[in-house]
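Participant: The following comprises the amino acid sequence and a computationally predicted model.
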Amino acid sequence: MSLIDILIQMLIIFGVVMVGYGATRLGVWKTEMNRPISVFVLNVTCPMLIIGSVMGDGLQFSSREIMQLMLVALLNYVVLIVAAIAISRIWRVRPSDRGLQKFMLTFGNVTFIGFPASAAIFGERAVFYASVLGIPFNLLIFTVGLSFITEQPIRSVFKPKVLFSPCVVASIIAVVLALLKVQTPVPVSKFFHLVGDMTIPCALILIGATLATIPLRDMVGNRFVFTVASLKLLVLPLLVWGFFSLFSFDSFVTNVAVVLTGMPVAANGIMLCLKHGKDEHLMTQVIFMTTLLSLFTIPMIAYFLKFVAA
């Protein structure tokens, strides 16, 4: 896929985001719909998309691929967490922003933007890869991520129920189906694809609808916002690529991991800030700016990966 093709795919994704933004601004989409539809996507359509990603002709996965995926997923977050902590010690910011900074650098929007971007750049096969690579995200964001936000020890914020979130369970089911090479009946596969395919447009519309609720004054970034955006969208993906280039992992596996690393800051950050009394305006600014800039940086990362692989 050429740079132009990747850019066109990202423009299509951004166009759907703007549909949500425009519909909300015009009053066609009501903001009170955001939460129930978000819950529906995370608990119903996204899990079915993940399970459906291992169903269909030509979507067979070897045990070696899956084991590599799980190892890469673990190593990826080890690199990100270590890098975020190191950067927070080197880059002196206000003590109240230090935890937010570490959260922003570690956790990206791997579901709402990551799945559509991976599918657009790498094809349908990448959805399963992204779902496996996203397993640590679902486990860590409400443990390590919450610890960053609240600046409390992990043991005091950990709740066992995060282990049973629908996306985590669906990812494990998909791994089992892929390992056992289960051939699902065509009607079952079509059912999962039909419902699961709702995830991407709904997720993108939700992002636009959420951005539409942000006051214009909060969309303008400052030095902190642009520095975090540069680190999150460009520096950290290159760091992860450099780390994985030291090993002999399958390039398709590591390329999907690198692209997912360059996703905008996770939208969960706003909810966590509101719940725990942290600076949600700063979090909102960074999420907006990284989402906007990712339209350009994701094609850049994808083209870079294609260039170094040539």
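Facilitator: Arrived safely. Only a predicted model underlies this, so the values are computations on that prediction, with no experimental measurement involved. Residues are numbered from 1 along each chain as shown.
Participant: can you pull out the strands in the chain?
Facilitator: Counting by DSSP state E, the chain has no strands at all.
Participant: what residue is smack in the middle of it?
Facilitator: V110 (1.0 Å; CA atoms, centre = their mean).
Participant: Surely it and L133 touch.
Facilitator: Yes. At 7.5 Å, V110 counts as touching L133 under the criterion of CB atoms under 8 Å. Placement of C-beta: from N, CA and C, glycine included.
Participant: Overlap of the contact sets of those two?
Facilitator: Both V110 and L133 are in contact with L260, where contact means CB atoms under 8 Å, 6 or more residues apart in numbering.
Participant: Neighbours of T291, how many?
Facilitator: By other CB atoms under 10 Å, 23 other residues sit near T291.
Participant: same deal with the one 5 residues further on?
Facilitator: The burial count assigned to F296 is 12, neighbours taken as other CB under 10 Å.
Participant: for F148, what are its contacts?
Facilitator: Contacts of F148 by CB under 8 Å, 6+ apart are A84, G99, L100, K102, F103, T106.
Participant: Swap in 6 Å and give it another go.
Facilitator: For F148, the contacting residues are G99, K102, F103, by CB atoms under 6 Å, 6 or more residues apart in numbering.
Participant: how close does it sit to A83?
Facilitator: Distance of F148 to A83, given as CB to CB, to the nearest Å: 13 Å.
Participant: circling back: ok, and the most crowded of the contacts of F148?
Facilitator: F103 (26 neighbours).
Participant: pLDDT score assigned to it?
Facilitator: Model confidence at F103, given as pLDDT, is 94.
Participant: Cross-check the contact I'm expecting between it and V144.
Facilitator: No. Using CB atoms under 6 Å, F103 is not in contact with V144; the gap is 8.8 Å.
Participant: Now find how far off-centre the longest helix seen in the chain is within its chain.
Facilitator: Counting by DSSP state H, the longest helix found in the chain is helix 280-309. Distance of helix 280-309 from the chain centroid (CA atoms, centre = their mean, to the nearest Å) equals 11 Å.
Participant: May I see the buried residues of that helix?
Facilitator: 280, 282-294, 297-305 (16 or more other CB atoms under 10 Å).
Participant: residue ranges with poor pLDDT in this structure?
Facilitator: 1-3, 56-60, 157, 162, 218-221, 271, 274, 309-310 (pLDDT under 70).
Participant: what ranges do the helices span in the stretch 1-150 of the chain?
Facilitator: 3-25, 34-40, 46-52, 63-90, 95-106, 114-122, 125-133, 135-140, 144-150 (DSSP state H, counting those that start in this stretch).
Participant: Dump these into CSV; add distance to T213 as well.
Facilitator: Output for those, formatted as CSV (distance: least, CB to CB, whole Å):
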stretch, distance to T213
helix 3-25, 7
helix 34-40, 8
helix 46-52, 22
helix 63-90, 28
helix 95-106, 20
helix 114-122, 21
helix 125-133, 27
helix 135-140, 24
helix 144-150, 21
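Participant: out of these, which comes closest to A170?
Facilitator: helix 46-52 (3.4 Å; CB to CB).
Participant: contact partners of the closest one?
Facilitator: For helix 46-52, using CB under 6 Å, 6+ apart, the contacting residues are S131, P166, C167, A170, S171, I173, A174, F192, H193, V195, G196, T199.
Participant: D5: neighbour count?
Facilitator: Using other CB under 10 Å, D5 is surrounded by 14 other residues.
Participant: Give me the distance between it and G20.
Facilitator: 24 Å.
Participant: Next, the contact list for the residue lying closest to F122 once chain neighbours are set aside, please.
Facilitator: Nearest in space to F122, with sequence neighbours left out and distances taken as CB to CB, 6 or more residues apart in numbering, is V256 at 6.0 Å. Neighbour list for V256: S118, A126, Y129 [criterion: CB under 6 Å, 6+ apart].
Participant: how about those residues in JSON lines, adding neighbour count and distance to K275?
Facilitator: JSON lines is the format used below for the contacts of V256 (neighbours: other CB atoms under 10 Å; distance: CB to CB, whole Å):
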{"residue": "S118", "neighbour count": "28", "distance to K275": "29"}
{"residue": "A126", "neighbour count": "24", "distance to K275": "32"}
{"residue": "Y129", "neighbour count": "26", "distance to K275": "31"}
